[in-house]
Every structure is written in C-alpha cells, then in structure tokens.
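> just the structure for this:
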Amino acid sequence: MLKCCMSNFSKLEKLMKRPLFTSADAKQLGISSSLLNYYARKGLIERIDRGIYRGISPSMDVDFQWEDLVLAVKSIPDSAVCLISALALYDLSDEIPRLHWIAIDNYRRVPKRRGTKIVRMRNMSLGKVIIHIGSESLPIFDRERTIIDAFRYLGKETAIKALKRATSVQGPDKIDLNKLKKYAKEFRINIDHYILAVTV
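Modelled structure (predicted):
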C-alpha cells in the first residue's frame, strides 16, 4: 500500500512546482481526493483550503506580505484582486486588509475561502490587468477601475482618499483621468465634482 502511495506521489511532482494545485488537477493524473488527504496527513503536501493544495516547499518568489493573497486569487479561476486589497497593492490606502478582496463574475457561484471576501461584480473584463509580484502574475483591476469600484462598494470617504492619492502620483503610475471618467460613465457614477475637487 505504502509503495503504491509513494508511486502515485511521484506523479504530483509536476503539480507541486506550481504555487498551488487543485484536487481536480490531481484527479487528471489519477490521484484521488482520499489519496491527497493521506499525503496531507503525512505532511507531504499542505491543504490550503477545500480542494486546494500545495507542496510543502512551494517555489513561490513573492513578498511574504502578499503570499496569501496570491494563493487566494490563484485558487479561484477567472477572478481578480479588487477593492481594499487592490487599493493596498496600489498604495492608495493606509488600511491594512484583514481579508483578501477578490472579485468574480456576477453570475458565478460564490466559492468559500478562509480569510477571503468574495465580491460578485459585473463586467469583469473592464480594467482587468495582470501585475507581477515577484515571480507570480496576478489578475487585478487597474487603478482607475479600483477607484470607481471604491465609490460603488466602499463609500465616499475611502474612495475620495484613494482618488486624492492617485491624482498626486506622477510618472508611469499616474492615473488616467479620461479612463477614470469612461469607467464612471460605464457604471453610471457621477464623480466629476470629486475629480474637480482633488485636481484644483
């Protein structure tokens, strides 16, 4: 039995090079959920969440501060970092996220993840970009969409602070006011007076 288990474990080596893998990934290699649970009990792999695993020594080159966020968003297909987590990544807020804020399509079933706030949103493709944290790529809404979503979901105080900070940044990270207005129009939010107030 042990020999069979260890033979199957060698099949996982390819998956264990990823930051995480799912029980569905393992099943494609002929490894059952019960066998994954056995490996986790033996300390050969780590169970992150229901159906989500990683190797004990994952090769993930990510700042410790963002490691759990990267794992959370990678465990949810077609998702994006949003709202409080996105504001923190863009340095548009002083708030330290207690939860990982992740957006999924409005019509999808909401997955359960420990320490994660799932937000169902429409038009997931608008403003969705990929950023790199260490060696990992991360889907996230751009600064402009994040600010508009802050007005939609978080309240004016948080959104205005983020807008003010974003408009003070110069260089490649400078906010695109035309794009911001376009997104506002798309989501039927009038923020012209806030833009005027922070840019005069």
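
> with adjacent residues omitted, what lies nearest to Ala162?
Counting by C-beta to C-beta, 6 or more residues apart in numbering, Ala162 lies nearest to Leu92, which is 4.1 Å off, once chain neighbours are set aside. The way it works is simple: take the backbone N, C-alpha and C, and place the C-beta from them, glycine included.

> ok, now which ones touch the residue lying closest to Leu20 once chain neighbours are set aside?
Counting by C-beta to C-beta, 6+ apart, Leu20 lies nearest to Arg54, which is 4.4 Å off, once chain neighbours are set aside. Shown in contact with Arg54 (C-beta atoms under 8 Å, 6 or more residues apart in numbering): 16, 18-21, 45-46, 48, 71.

> can you flag the buried ones in the residues you listed?
In terms of neighbour count (16 or more other C-beta atoms under 10 Å), the buried residues within the contacts of Arg54 are 16, 18-21, 45, 48, 71.

> so which of those sit within helices?
Members of the buried ones among the contacts of Arg54 lying in helices (criterion: DSSP state H): Leu71.

> out of the buried ones among the contacts of Arg54, who's nearest Thr167?
Distance to Thr167, by C-beta to C-beta, is smallest for Leu71 among the buried ones among the contacts of Arg54, at 32.7 Å.
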